[in-house]
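Student: this one's sequence-less:
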């Protein structure tokens, strides 16, 4: 007994020495060894422990380690990292509850490593640590897509992995160049000042789903498993927003980028049939607000961005959970096949409506957070951006919230009769809904967590009435369009987006070039061909097992060559 | 997951009332989801739900119109002090008008986008 107690005590001491996120990453390795309720309890305990460990840290804590010649700052605990850490832990806990019945050990481990690496990325104080966590999120999260186990998900996951790892490679290249230029690896404000920071900016932009770099998101998320998408929706993109806020606050180019991001996904959301993909477009649209907030870069705007990340992670998770529950029970989330599910799944319906309302409506998270970014745009006199964000507020509420609720749960009853979502899913959704409403009704707690002091009162009569006008007339527009027969019907279809470039156009160009090459070789390029085959046969002769380069050289010869090269180097350096 | 449109294979339940079971697709981690006959019987038949009655839908729309009118009325009769960063934000019903027009425009443009970007569901397969 005492030995067991000592072991637990030792484990607790060890855990206290780890940076936040590591408990989940290391604990995930044990998951495949456990079974049944023990595994479920373990998976829930990890993020809960992580949360308590993080809350116990005093602001300003630091932790570093030496890696070759570099000093890595594994932990930098300031208020902006704390806010992200808090919402990431909450999302991990809710998602684990949601995924409680999922008995795939691989998925469970991957989800925990993914959440844990996203959390430790937020606390990384230098670019090398950030890079390691950045790549870990990419490599672990792809298993949540591959776990779907079908051909479409396999290929989508591979595309996702290439894009995500590509972002990491850019980050590493940018870091090396930045280090060569400045001699600093610190992850503080970088700004767009050179080639190195430019590469880092693009690396962040890929994960933040900037226009034309965005399509991995809508491609991959709807192909992940029921529970996998819920995890995915929380971390990757918000980690990128964190990185932008830390490194590029006040970089003006972010404002137009964010404004475009806030609008164009809405068009796709209107006509997209797969409701989880509609939510993915919605995610992209809300990231636009956050990018604008980072671009404005004032204390008020950055507060708004962080606040909106907190509110957004929770309500977007709730929406993905409710669509996941529909997929789990009905087997599809295509709007063209769904309708009338409020009869079978009334609690899910209600919770989904809370999630949709939380995008903007008073008494919910979105109302007290998003309005800060919109107000910041007005305060800094970005009139066009202000009007664009206002348009996107109306559109997002309608086509990302109401559309999802309406076509899944109301609309035309397609006759599906299924059970209500399982209890653990309802608990997770209920928890998320409670948080949405809690943040909206008592915004003081959220504001207290923000990086700068908050002097903003969301609940004025003027603000409440104008937002209500905006939202109510949006719904009226929806009713009018449907009554007038102008609203486009839900159709089974694929929509071409920027992924078409690498899924179709580039392969076509490649095929075309290969074709042209073959034709050119066939037609009258005989001499060139002869030359080519001569070159090839020479190469082959040299590299054959008995050729000059194919032969294993004796060690002495290698030493001699090395000595000659070193000598040459010595001469050159004088 | 659900690409195949398995509707045709779905076993029918309580056909007379328009009920049907969810399609039997192989979904990772999916457990028994079919309803018993008694549970199925408690759920209103197709077309008989509260939200499906045309009269109820009209009620909802009229309620919506009433709330909309009330929200603009608050502007019209200056029931509160309206303030914004820009002068145009203080016009009567600015947000109402802007929200309505935005949403109509977004849909009309999206319909045009469909002409360009819509392909068959299995386009990439």
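Tutor: Nice, I can see it. Computed from a prediction, not measured in an experiment: that's the story for all the values here.
Student: So which residues of chain B form strands?
Tutor: B:118-119 (DSSP state E).
Student: Lowest-scoring secondary structure element of it by mean pLDDT?
Tutor: The helix or strand of chain B with the lowest confidence, counting by mean pLDDT, DSSP states H and E, is helix B:37-42 at a mean of 78.
Student: Run the chain-centre distance for that helix.
Tutor: 26 Å (CA atoms, centre = their mean, to the nearest Å).
Student: Could you list the buried residues of that helix?
Tutor: By 16 or more other CB atoms under 10 Å in any protein chain shown, the buried positions in helix B:37-42 come out as residue B:40. All C-beta atoms are positioned from the backbone trio N, CA, C, and that covers glycine.
Student: so what secondary structure elements neighbour it?
Tutor: Helices and strands touching helix B:37-42, by 3 or more CB pairs under 8 Å, 6 or more residues apart in numbering or on different chains; DSSP states H and E: there are none.
Student: Next, count neighbours for whatever residue of the stretch 1-150 of chain A ends up closest to chain B.
Tutor: As assessed by CB to the nearest CB, chain B sits closest to residue A:102 within the stretch 1-150 of chain A, at 4.4 Å. Around residue A:102 there are 23 other residues, counting by other CB atoms under 10 Å in any protein chain shown.
Student: Give me the distance between it and residue A:111.
Tutor: In this view, residue A:102 and residue A:111 are 9 Å apart by CB to CB, to the nearest Å.
Student: shared neighbours of those two, anything?
Tutor: residue A:227 (CB atoms under 8 Å, 6 or more residues apart in numbering or on different chains).
Student: coming back round to it: give me the phi and psi for the residue of the stretch 1-150 of chain A closest to chain B.
Tutor: Main-chain torsions, residue A:102, degrees, to the nearest 10: phi -80, psi 120.
Student: where in chain B is pLDDT low?
Tutor: Residue ranges of chain B with pLDDT under 70: B:1-33.
Student: What residue in it is the furthest from its centre?
Tutor: residue B:87 (34.7 Å; CA atoms, centre = their mean).
Student: Domain parsing of chain B, as residue ranges.
Tutor: B:6-42, B:50-117 (automatic domain parsing).
Student: near chain B, which residues of the stretch 1-150 of chain A?
Tutor: A:101, A:102, A:103, A:104, A:147, A:148, A:149, A:150 (CB under 8 Å from any CB of the partner chain).
Student: domains of chain A?
Tutor: With automatic domain parsing as the reference, chain A has domains A:249-479, A:500-539.
Student: Lowest average pLDDT across those domains?
Tutor: In terms of mean pLDDT, the lowest-scoring of the domains of chain A is domain A:500-539 (a mean of 83).
Student: what's around the residue of the stretch 151-300 of chain A found nearest chain B, how many residues?
Tutor: Of the residues in the stretch 151-300 of chain A, the one nearest chain B is residue A:270, at a distance of 3.7 Å by CB to the nearest CB. The number of residues packed near residue A:270 is 25, by other CB under 10 Å.
Student: what do you get for residue A:118?
Tutor: Quick note: residue A:118 (other CB under 10 Å) scores 29 neighbours.
Student: Then residue B:45?
Tutor: 18.
Student: follow-up on the earlier one: quick one: buried ones out of the residues of the stretch 1-150 of chain A next to chain B?
Tutor: Buried among the residues of the stretch 1-150 of chain A next to chain B (16+ other CB under 10 Å): A:101, A:102, A:104, A:147, A:148.
Student: need the residues you listed in a markdown table with pLDDT, can you?
Tutor: Shown next, in a markdown table, are those (pLDDT from 0 to 100):
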| residue | pLDDT |
| --- | --- |
| A:101 | 88 |
| A:102 | 87 |
| A:104 | 89 |
| A:147 | 93 |
| A:148 | 90 |
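Student: can you map out the strands along chain A?
Tutor: Using DSSP E, strands in chain A cover A:62-67, A:70-76, A:494-495.
Student: Compare the mean pLDDT across those and name the weakest.
Tutor: Looking at those, the weakest mean confidence is strand A:62-67, a mean of 83.
Student: In space, not sequence, find me the middle residue of chain B.
Tutor: Mean-position check on chain B, CA atoms, centre = their mean. Result residue B:51 at 11.7 Å.
Student: one step back: wait, the residue of the stretch 1-150 of chain A closest to chain B touches residue A:230, no?
Tutor: No. Counting by CB atoms under 8 Å, residue A:102 does not reach residue A:230; the two are 10.5 Å apart.
Student: What is the nearest of the residues of the stretch 1-150 of chain A next to chain B to residue A:517?
Tutor: Nearest to residue A:517 out of the residues of the stretch 1-150 of chain A next to chain B is residue A:150 (CB to CB; 35.4 Å).
Student: low pLDDT regions in the stretch 1-150 of chain A?
Tutor: A:1-3, A:7, A:11-12, A:14-16.
Student: now the helices for chain B?
Tutor: B:37-42, B:54-76, B:94-117 (DSSP state H).
Student: Point out the most buried one among those helices.
Tutor: helix B:94-117 (a mean of 18; mean count of other CB atoms under 10 Å in any protein chain shown).
Student: how distant is that helix from the center of its chain?
Tutor: 16 Å.
Student: near chain A at all, it?
Tutor: Yes. For a cut-off given as CB under 8 Å from any CB, helix B:94-117 has contacts with chain A, namely B:94-100, B:102-104, B:106-111, B:113-114, B:116-117.
Student: residues in contact with the closest residue to residue A:463 other than its chain neighbours?
Tutor: Closest residue to residue A:463 apart from its sequence neighbours, by CB to CB, 6 or more residues apart in numbering or on different chains: residue A:371 at 6.7 Å. By CB under 8 Å, 6+ apart, the contact list for residue A:371 reads A:304, A:458, A:463, A:467.
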